[in-house]
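Asks: I'd like to go over a predicted model; first the sequence, then the structure.
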Amino acid sequence: MLSLMAQAASQAIPTGEVLKGLGAVGAGIGYGAAAIGPGIGIGIVVGNAITAMARQPESAGVARTTMFLGIAFTEALALIGFVVFILLKYT
Amino acid sequence: MTLLAALKFPPIGELVKWPQFLPGGFNKVALICVLSTLLTLLLFFVAGSNKSLVPTGVQNVAESAVEFVQDSIILQTMGQEGMKYLWYLTTLFFFILFCNIFEIIPFFQFPATARMAIPLMLAVVTWVMFIVVGLKKHGLSYISKSVKPPGVPFALLFLIIPIELLSTFIVRPFSLAVRLFANMLAGHLLLVTFAILSGTLITANIVFMKPIFILPFAMDIAITGFEAFVAILQAFIFTILTAVYIGSSIHIEH
């Protein structure tokens, strides 16, 4: 047992490969984490916009425009996460 | 030439670096940009060349487009005061729309806005625009007014001023550019992924895997429709955010 561990410890670790793998893991986890908050946020924005449209159908146009604006602001965070993913993965 | 006509899949590194086919670094993205500029020019020149009282054909399209920008972008965000920026917003909307729509046109299959340079340049133009409008309207007090919301206690100013400075003058153009870029790139990658999947399945060696190609192929067609919607929506969002930013430097009060 001890000899096996010593043998494993004496083997050279390919540092470059390990770094590449860690980069891929980090990119995946990073994008996943970045998508949590905006997902919840867009749900809240659209849900409230639907409530507003259902209560006052005559002001649906204003609610829709404002909804798209809110989605655009919320979505930016997820998209920045996506860009970081691309940067980590392909450059 | 096969690469230009999108007849084969380019390697993934070409998302960042495109091969040029004319001297001076002229590549496919530049070609798409030139084409969409020409299309925008053509649309409005043809529509404006013979003005008839009852619009038909191209004139009909252009007039309803200008009306759309007036009614649902300018009047919703800036009010009557913003009508003098109609030229900029209409041009912006159509340029981005044509750049985006090349994503689903056969033989091009790439949105020019999926390269960071183009959205970034457009965002810089918008950035210069709303700063110049603010400086013209309010003079040098524009900057102090826009970083200092009224009615904030003195102690909080040390916190508020850097945040407002960052969010108004740095995050705004950056997020504007990244939003357009990442949306179009994500759509393009989605289309490519399903296209590669169906292509791989139909040329597979195992016979019973071949019919499965219908699933990603159907998904690809559905996503193509969705991307047409996204192209229009992103052009609209970029234009309306530009209008909101210009409007916020006309009426500064938060």
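Replies: Thanks, I have the structure now. Numbers count the residues shown, from 1 in each chain, chains lettered A, B, ... in the order given.
Asks: can you count the residues close to B:Val132?
Replies: By other CB atoms under 10 Å in any protein chain shown, 13 other residues sit near B:Val132. C-betas here are computed from N, CA, C, even on glycine.
Asks: helices or strands next to the helix or strand where it lies in the packing?
Replies: Using DSSP states H and E, the element containing B:Val132 is helix B:117-138. Packed against helix B:117-138 by the contact rule (3 or more CB pairs under 8 Å, 6 or more residues apart in numbering or on different chains; DSSP states H and E) you find helix B:86-101, helix B:141-147, helix B:172-202, helix B:214-250.
Asks: out of those, nearest to A:Ile50?
Replies: helix B:214-250 (17.6 Å; CB to CB).
Asks: ok, stretch A:49-66 near chain B or not?
Replies: Yes: Stretch A:49-66 reaches chain B (CB under 8 Å from any CB of the partner chain) through A:Gly61, A:Val62, A:Thr65.
Asks: Among those, name the ones in helices.
Replies: Within those, residues falling in helices by DSSP state H are A:Gly61, A:Val62, A:Thr65.
Asks: any idea of the pLDDT on B:Ile160?
Replies: Reading off the confidence values, B:Ile160 has pLDDT 88.
Asks: Tell me if I'm right that it and B:Ser146 touch.
Replies: No: contact criterion CB atoms under 8 Å: B:Ile160 and B:Ser146 do not qualify, at 11.7 Å.
Asks: which bits of the stretch 51-200 of chain B sit near chain A?
Replies: B:Ser72, B:Gln76, B:Ser175, B:Val178, B:Arg179, B:Phe181, B:Ala182, B:Asn183, B:Leu185, B:Ala186.
Asks: OK, contacts around the third one?
Replies: Spelled out, it's B:Ser175. A:Ala76, A:Ile80 (CB atoms under 8 Å, 6 or more residues apart in numbering or on different chains).
Asks: Same drill for B:Ile160 and B:Ser146, tell me which one is more crowded.
Replies: Counting neighbours by other CB under 10 Å for B:Ile160 and for B:Ser146 shows that B:Ser146 has the greater number, 20 against 14.
Asks: Please report the distance of the more buried one from chain A.
Replies: 18 Å (CB to the nearest CB, to the nearest Å).
Asks: show me what contacts that residue?
Replies: By CB under 8 Å, 6+ apart, the neighbours of B:Ser146 are B:Gly134, B:Glu164, B:Thr168, B:Ser248, B:Ser249, B:Ile252.
Asks: Could you check the pLDDT of the first one?
Replies: The predicted local confidence for B:Gly134 comes out at a pLDDT of 91.
Asks: now the helices for chain A?
Replies: A:2-10, A:15-55, A:60-90.
Asks: Would you reformat those as TSV and include mean pLDDT and mean neighbour count?
Replies: Listed next are these as TSV, based on pLDDT from 0 to 100; neighbours: other CB atoms under 10 Å in any protein chain shown:
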stretch	mean pLDDT	mean neighbour count
helix A:2-10	76	8
helix A:15-55	89	13
helix A:60-90	83	17
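Asks: Turn these into JSON lines, columns for distance to B:Thr40.
Replies: Converted to JSON lines, the helices of chain A look like this (distance: least, CB to CB, whole Å):
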{"stretch": "helix A:2-10", "distance to B:Thr40": "64"}
{"stretch": "helix A:15-55", "distance to B:Thr40": "31"}
{"stretch": "helix A:60-90", "distance to B:Thr40": "23"}
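Asks: Which of the ones you listed sits closest to B:Val46?
Replies: helix A:60-90 (30.0 Å).
Asks: Let me know the angle separating that closest one from helix B:214-250.
Replies: Interaxial angle of helix A:60-90 relative to helix B:214-250 (axes from the mean of the first three to the mean of the last three CA atoms, to 10 degrees): 110 degrees.
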